[in-house]
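Colleague: any chance you could fold what I've pasted below:
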Amino acid sequence: MSKSARTDEQLNGVESIENALTHTEQYLEKNRKGFLFGVVILVVVVVGYIAYSNLYAKPKEAEAQKQVYFAELQFGKDSFNVALNGDGNNLGFLQIMEDFSGTKIANLSRFYAGVCYRELGDFDKAIALLDSYSLEDDMIAPVALGTLGDCYVEKGDVEKGLSFYSKAIAYRSNTLAVPIFLLRRGLLYEANAKKTEALADYQMIKDLYPKSPQALEIDKFIERVKIQ
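Modeller: Below you'll find the predicted structure:
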């Protein structure tokens, strides 16, 4: 093969990888709202359980449950500032954390607030809140840990991002959250030229979570890594 032919082949390879990473970014952006919807569904289920368990036994918990409804509603509408701070008549997550300190709803509001700050791009505040969230529930815990991973990736700390994605993935009972963070970890491995690790994560999605949304296009990701 001539030197010119080898150079063209190398350039084409680089271009293919760059295009793949661009598609990766587009994929993550396209699925951002789907991820948030999944978070909302998880939280609503847990909040409903908390309300049922504590409505009569713990009046403060019951009142917190009533107060958090408005903030949850704004969160679901992507109105993150209002969800955090309220509207002057209704409380936001930050005030609920203060007024109902010690309740499960206050702890849950800390998680919500962390996700809000992550969506608003204030990653330091998001990390502080999510770090202080008590991992009491196996459904919410992996989402909190994975969101911490997102924040560290946004700050450029790849190793911490990978670490928190791995912690999220360890909660294998959550079949909604785990494939989300398997994909994110795989994409991060791929972006950092760790093809073997990326391929393992993609294959795990295909083998263990074949009915997840992330599995719909996973064959494309697997083939992309194999040809790099």
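Colleague: from here on, contacts and neighbour counts on C-alpha atoms
Modeller: Will do.
Colleague: buried residues in stretch 158-173?
Modeller: 158, 160-169, 171 (16 or more other C-alpha atoms under 10 Å).
Colleague: by pLDDT, give me the weakest of these.
Modeller: Lowest-confidence member of the buried residues of stretch 158-173: Y171, scoring 87 (pLDDT).
Colleague: from N90, how far out is L73?
Modeller: Distance check for L73 against N90: by C-alpha to C-alpha, to the nearest Å, it reads 11 Å.
Colleague: sorry, back to before: need the buried residues of stretch 158-173 in CSV with secondary structure and distance to E98, can you?
Modeller: Converted to CSV, those look like this (DSSP: H, G, I helix; E, B strand; the rest coil; distance: C-alpha to C-alpha, whole Å):
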residue, secondary structure, distance to E98
V158, helix, 33
K160, helix, 29
G161, helix, 29
L162, helix, 32
S163, helix, 30
F164, helix, 27
Y165, helix, 29
S166, helix, 31
K167, helix, 28
A168, helix, 27
I169, helix, 31
Y171, coil, 29
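Colleague: want to try a markdown table for those residues, with distance to Y133 as columns?
Modeller: Converted to a markdown table, those look like this (distance: C-alpha to C-alpha, whole Å):
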| residue | distance to Y133 |
| --- | --- |
| V158 | 22 |
| K160 | 18 |
| G161 | 18 |
| L162 | 20 |
| S163 | 17 |
| F164 | 14 |
| Y165 | 17 |
| S166 | 18 |
| K167 | 15 |
| A168 | 14 |
| I169 | 18 |
| Y171 | 16 |
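Colleague: does G186 touch M204 like I think?
Modeller: No: G186 sits out of contact with M204 when judged by C-alpha atoms under 8 Å, with a separation of 10.1 Å.
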